[in-house]
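Asker: pasting the sequence and the predicted model now:
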Amino acid sequence: QIMQVTKKETYTILGDEEDGLKEFASFLNFIVPKAYAKDNLIIDILKYEDVDLPALLNFLKPSNTQRGGGKSFVLVNNHINPDIVPEEIMVVPTIQEAIDVIELEEIQRDLGF
């Protein structure tokens with residue numbers, strides 16, 4: 001699996017460079033606990049225009065893993081209908097909004113929420 005990685009001070013952006021949303025989610029299940037457990041993650045899936053609920057649910061496990069470890073996991077896609085997103089998964093339409101979410105979640109964690 002080829003993945004684009006952009007590491008910043010407070011977060012890491014992971015982007016799919018291949019063409020399979022389910023395969024990318026499966027790869028994240030494998031790689032996130034090994035290589036990115038200490039990172040706040042932004043998952044760039046902007047290139048996908050037909051993300052449905054079953055596709056989203058493929059990201060539930062890596063999302064729960066990161067959140068369980070006290071880190072953020074934010075999917076970025078501007079084609080997803082917000083009404084279908086389960087509350088366990090955070091989806092925002094832009095990278096900037098994902099960065100804002102992570103900053104807010106970091107503050108909440110620092111304050112003990």
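Answerer: The structure has been received and is ready for your questions. Bear in mind the structure is a predicted one, so any value in this text is a computation, not a measurement. Numbers count the residues shown, from 1 in each chain.

Asker: ranges for the helices of this structure?
Answerer: Taking DSSP state H as the test, the helices found in the chain are 21-35, 53-57, 60-68, 95-110.

Asker: okay, those in JSON lines with distance to Pro82 next?
Answerer: C-betas here are computed from N, CA, C, even on glycine. Below are those laid out as JSON lines (distance: least, Cβ to Cβ, whole Å):
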{"stretch": "helix 21-35", "distance to Pro82": "18"}
{"stretch": "helix 53-57", "distance to Pro82": "11"}
{"stretch": "helix 60-68", "distance to Pro82": "16"}
{"stretch": "helix 95-110", "distance to Pro82": "12"}
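
Asker: report the rounded mean pLDDT for stretch 13-29.
Answerer: If you average the pLDDT over stretch 13-29, you get 93.

Asker: give the buried residues for that stretch.
Answerer: Residues of stretch 13-29 classed as buried by neighbour count (16 or more other Cβ atoms under 10 Å): Ile13, Leu14, Gly15, Asp16, Leu21, Phe24, Ala25, Ser26, Phe27, Leu28.

Asker: was I right about Gln66 contacting Phe73?
Answerer: Yes. Counting by Cβ atoms under 8 Å, Phe73 is a contact partner of Gln66 at 3.9 Å.

Asker: which of those two has more neighbours?
Answerer: Taking neighbours as other Cβ atoms under 10 Å, Gln66 and Phe73 compare with Phe73 leading, 29 against 23.

Asker: distance check, that one against Thr10.
Answerer: 14 Å (Cβ to Cβ, to the nearest Å).
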